[in-house]
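Engineer: sequence and predicted structure are below.
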Amino acid sequence: MTGPGRGDRGQASVELALLLPLVALLLLLVVQIAVIARDQVLVQHAAREAARGAAVGPDPDSADRRAATAAGGLDGSRLDVRTSVVDGRVIVSVTFREPTDLPLIGLALPDVDLRAGATMQREEP
């Protein structure tokens, strides 16, 4: 017969070994959500910059794309900028395809489309 508590030896190590992969996955999920939130802010900033560039530029269609691409750290190849001018207002819609490429989490989550829009009064030069 063993003394009190002798049968529990190593229990914490076994529990840690069982739960550590789950904790690691949860941490990766939190990091992926933070990256998506950061990029949503960048997409909103790109939409504002594109609207401003189209509002003051002589050609709204070319100024918006340049302004949105230069606005932040977004990959221009995954950035879709659409501009329309209605009643003297420039309306810009920006869509960015955010890849979920963190290890293990990227396999479980599909890519996310981030969208933002902005409207500004057209300024005639």
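Structural biologist: Perfect, thanks for sending it.
Engineer: helix or strand right after the worst-scoring helix or strand of the chain on mean pLDDT?
Structural biologist: Sorting the helices and strands of the chain by mean pLDDT, DSSP states H and E puts helix 60-70 at the bottom, at a mean of 72. Counting by DSSP states H and E, the element after helix 60-70 in chain order, helix or strand, is strand 79-86.
Engineer: can you state the direction angle for the helix or strand following that next one and helix 60-70?
Structural biologist: Where DSSP H and E defines the elements, the next helix or strand beyond strand 79-86 is strand 89-98. On the basis of axes from the mean of the first three to the mean of the last three Cα atoms, to 10 degrees, strand 89-98 is oriented at 40 degrees to helix 60-70.
Engineer: what are the buried residues along strand 89-98?
Structural biologist: 90-96, 98 (16 or more other Cβ atoms under 10 Å). Bear in mind the C-beta positions are built from the backbone N, C-alpha and C, glycine included.
Engineer: roughly how far is that strand from the heart of the chain?
Structural biologist: The chain centroid and the centroid of strand 89-98 are separated by 14 Å under Cα atoms, centre = their mean, to the nearest Å.
Engineer: have a look at the chain and report its longest helix.
Structural biologist: Longest helix in the chain, counting residues (DSSP state H): helix 11-56.
Engineer: about what we covered before: can you list the helices and strands that the least confident helix or strand of the chain packs against?
Structural biologist: helix 11-56, strand 79-86, strand 89-98 (3 or more Cβ pairs under 8 Å, 6 or more residues apart in numbering; DSSP states H and E).
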